[in-house]
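S.K.: Got a predicted model here, sequence first, then my questions.
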Amino acid sequence: MSRFLRRTLLSISSLSLLAALPLASFADGWFGGSDTASSTAGAAHTNPIIQFLPLIVIIGLLYFVMIRPQMKQSKEHRSLLTNLQVGDEVQTQAGIIGRVSKMADPYVELNIADNVEIKILKKAITGVVPKGTLKNS
């Protein structure tokens, strides 16, 4: 008999043995059914707050490590965009550095070289670079 056939027959016979066993006894033990031995052993029920304490601590850590710094960074970016003025030298997300020449509400026109202007979204500006970074044109 081949090895594959032996393994197949063995798995089929083990499945038929499992089907013959009463599953109620397994379900009671696995899913918290009433087991008289464990209930009489004096297992004390813990406070639900104590059970959820690790989850509460993890959520608190995630808030202070991830969410709060992101909110602070977003607030700083909003204030940067509201304080933006014509003549400021800025850097975009693409790494382009230019001088703000015109501002319309969602768009900003940047002068990146002599007689070269591009129109970008205001949200694409990542920071204001120090004055004098660009050579005067």
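M.R.: Yes, it's here.

S.K.: Mark out where each domain of the chain begins and ends.
M.R.: Taking automatic domain parsing as the reference, the chain has its domains at 3-44, 85-128.

S.K.: For residue 96, what are phi and psi?
M.R.: Phi and psi for residue 96, reported as degrees, to the nearest 10, are phi -80, psi 130.

S.K.: Disregarding residues adjacent in the polypeptide, which is nearest to it?
M.R.: Nearest residue to residue 96 in three dimensions, chain neighbours excluded: residue 112, at 6.0 Å (Cβ to Cβ, 6 or more residues apart in numbering). (Glycine included, C-beta is placed from N, CA and C.)

S.K.: Parallel or antiparallel, which strands does the host helix or strand of that neighbour pair with?
M.R.: Under the criterion of DSSP states H and E, residue 112 resides in strand 107-113. The pairing partners recorded for strand 107-113 under DSSP bridges are strand 97-103 (antiparallel), strand 116-121 (antiparallel).

S.K.: any idea which of those strands is most buried?
M.R.: Of the strands paired with strand 107-113, the one with the most neighbours on average (mean count of other Cβ atoms under 10 Å) is strand 97-103, at a mean of 17.

S.K.: mean confidence for that strand?
M.R.: The average pLDDT within strand 97-103 is 95.

S.K.: Just the C-alpha atoms of it, please, in CSV.
M.R.: Below are the C-alpha coordinates for strand 97-103, written out as CSV (Å, rounded to 0.1, in the frame of the first residue of the first chain):
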residue,chain,number,x,y,z
ILE,A,97,11.1,75.1,-3.5
GLY,A,98,9.6,78.3,-4.8
ARG,A,99,8.3,81.7,-3.8
VAL,A,100,4.6,82.3,-3.4
SER,A,101,3.5,84.8,-6.1
LYS,A,102,-0.3,84.5,-6.1
MET,A,103,-2.9,82.9,-3.8
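
S.K.: if we look at it, which residues are touching it?
M.R.: The contact list for strand 97-103 (Cβ atoms under 8 Å, 6 or more residues apart in numbering) reads 84-92, 108-112, 117-118, 122, 129, 133-134.

S.K.: try 6 Å this time
M.R.: With contacts defined as Cβ atoms under 6 Å, 6 or more residues apart in numbering, strand 97-103 is touched by 86, 88, 89, 91, 108, 109, 110, 111, 112, 117, 134.
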